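Undergrad: sequence and predicted model, in that order:
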Amino acid sequence: MRAVAAMLVVLHHSISMWLDWIVKQPLARHWTNGAAGVDIFFVISGFVMTISLPGLAGKPNKAGVFLWRRFTRIVPLYWVALTLTIAQTKLNPTAALHSLLTPWRVAASYLFIPANNGRGEMFPVVTVGWTLNYEVFFYFLFAAALALNVSPLAFLTPVLTAVALVGMMRPATWPDFTALASPMVIEFLFGVILAHLATRRKLPGAAWAAVLLVTGFLTLMLMPEYPASLRFLTWGLPAAAVVVGAAAIEGQIGGRLPKWLLAAGDASYALYLTHIFVLSHLGNALQKLHFTGMPALAMAIVLGVGISFPVGLLVHRYVEKPLMTAFKKRRQGAREASGAPAAFPITAGVGSESL
């Protein structure tokens, strides 16, 4: 499902690149449903965080261990991508759009704080990082539940509901960081709820799971997003249906999935961060070659997806995984030096490679 979600995002941004660089048309006039890959990721994130909780059982400072694991999974590669984006923008501004660099926007991007990009949009320097702002916000709330030693479901249900309600009423004049109050955070809660159902073996049977999977996916591909304040319903609920359907039939089809598809899922985070680099250079090249119209769209999609996936796999293998290993060893070394038991085993299965 992570591979599918990543493919949808790459497809969406390939179309966006064609519109931005080639035909100079607004995105709203065209198919935007590939962006729903983000909603699938948000539901998966809530699901994985919750279903991985047994890996923290019996550990002191569970909140700290959880946040460290999330830091090593998310932050190093993002900071690498962010630093490269800043360098690219300085050296070759034509290779990127929406590249306003101010000291605060740069600092806020590193700190996962929403900041205005000068166009009224809350995009960090790495534009796809807007989703990570919400991910990190969710991680801190999840860690708060662990620190308070209460059920994440019991804690997050009222908190995320309140955050979503504030987001629906948030005026544009509020400070930029309050953009974290968005109804989209409910999608993380959907994942938490699904994980509780899964651990209690209350998922639907195979037939209903297939119906949910297919119906949810078709809805995501056909249902318009707007209004944005209701995206957690128009796209969030179908995304939850897709995830619960996939989880329910995993036992029947999981062993038959091709290895390349699983590898693409493991590399989904690297793909998510790197495809923007690929598409910016591809858009620049297509523009210089004077491709126009539908042939340019076909090339944007075929080359955008065809190049982005191998690049993501290579970055996952040769950059992301070594970074994760280095931080894991650093944590284990610190624990051993203090005489405490090691507290950073990578959780097996979905938890070790999740977005």
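TA: Here it is on my side, so go on.
Undergrad: residues of the lengthiest helix in the chain that come out buried?
TA: As assigned by DSSP state H, the longest helix anywhere in the chain is helix 62-91. For helix 62-91, a neighbour-count test (16 or more other C-beta atoms under 10 Å) marks 62-63, 65-70, 72-78, 80-82, 85-86, 88-89 as buried. All C-beta spots, glycine's among them, are computed from the backbone N, C-alpha and C.
Undergrad: spell out the residue ranges of the helices in the stretch 251-355 of the chain.
TA: 259-266, 268-288, 293-315, 321-338 (DSSP state H, counting those that start in this stretch).
Undergrad: mean neighbour count and mean pLDDT for those helices - can I get that in JSON lines?
TA: JSON lines is the format used below for the helices of the stretch 251-355 of the chain (neighbours: other C-beta atoms under 10 Å; pLDDT from 0 to 100):
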{"stretch": "helix 259-266", "mean neighbour count": "15", "mean pLDDT": "93"}
{"stretch": "helix 268-288", "mean neighbour count": "22", "mean pLDDT": "91"}
{"stretch": "helix 293-315", "mean neighbour count": "17", "mean pLDDT": "92"}
{"stretch": "helix 321-338", "mean neighbour count": "13", "mean pLDDT": "73"}
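Undergrad: distance to Gln252 added to those, as CSV?
TA: Formatted as CSV, the helices of the stretch 251-355 of the chain follow (distance: least, C-beta to C-beta, whole Å):
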stretch, distance to Gln252
helix 259-266, 16
helix 268-288, 23
helix 293-315, 27
helix 321-338, 30
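Undergrad: so how far is stretch 195-206 off the chain centroid?
TA: The chain centre lies 24 Å from the centre of stretch 195-206; the measure is C-alpha atoms, centre = their mean, to the nearest Å.
Undergrad: over to stretch 271-286?
TA: Remark: stretch 271-286 is offset 18 Å from the chain centroid, using C-alpha atoms, centre = their mean.
Undergrad: mind checking pLDDT for Phe155?
TA: Looking at Phe155, its pLDDT reads 97.
Undergrad: tell me the contacts of it?
TA: Contact analysis of Phe155 by C-beta atoms under 8 Å, 6 or more residues apart in numbering lists 141, 144-145, 148.
Undergrad: tell me which stretches of the stretch 1-150 of the chain form strands.
TA: With DSSP state E, counting those that start in this stretch as the definition, the stretch 1-150 of the chain shows no strands.
Undergrad: show me what the strand or helix carrying Pro238 is packed against.
TA: Using DSSP states H and E, Pro238 sits within helix 236-248. Contact partners of helix 236-248 among helices and strands, from 3 or more C-beta pairs under 8 Å, 6 or more residues apart in numbering; DSSP states H and E: helix 37-51, helix 186-199, helix 206-222.
Undergrad: next SSE downstream of the last one?
TA: In other words, helix 206-222. helix 231-234.
Undergrad: run through who's touching that following helix.
TA: By C-beta under 8 Å, 6+ apart, the surrounding residues in contact with helix 231-234 are 39, 164, 183-187, 190, 223-226.
Undergrad: can you give me the buried ones in that helix?
TA: Buried residues in helix 231-234, counted by 16+ other C-beta under 10 Å: 231-232, 234.
Undergrad: and of those, the nearest to Phe137?
TA: Distances from Phe137 to those, taken as C-beta to C-beta, are shortest for Phe232 (14.8 Å).
Undergrad: re the thing from before, out of the helices and strands packed on helix 236-248, which comes closest to Ala264?
TA: Closest among the helices and strands packed on helix 236-248, once you apply C-beta to C-beta, is helix 37-51, at 12.8 Å.
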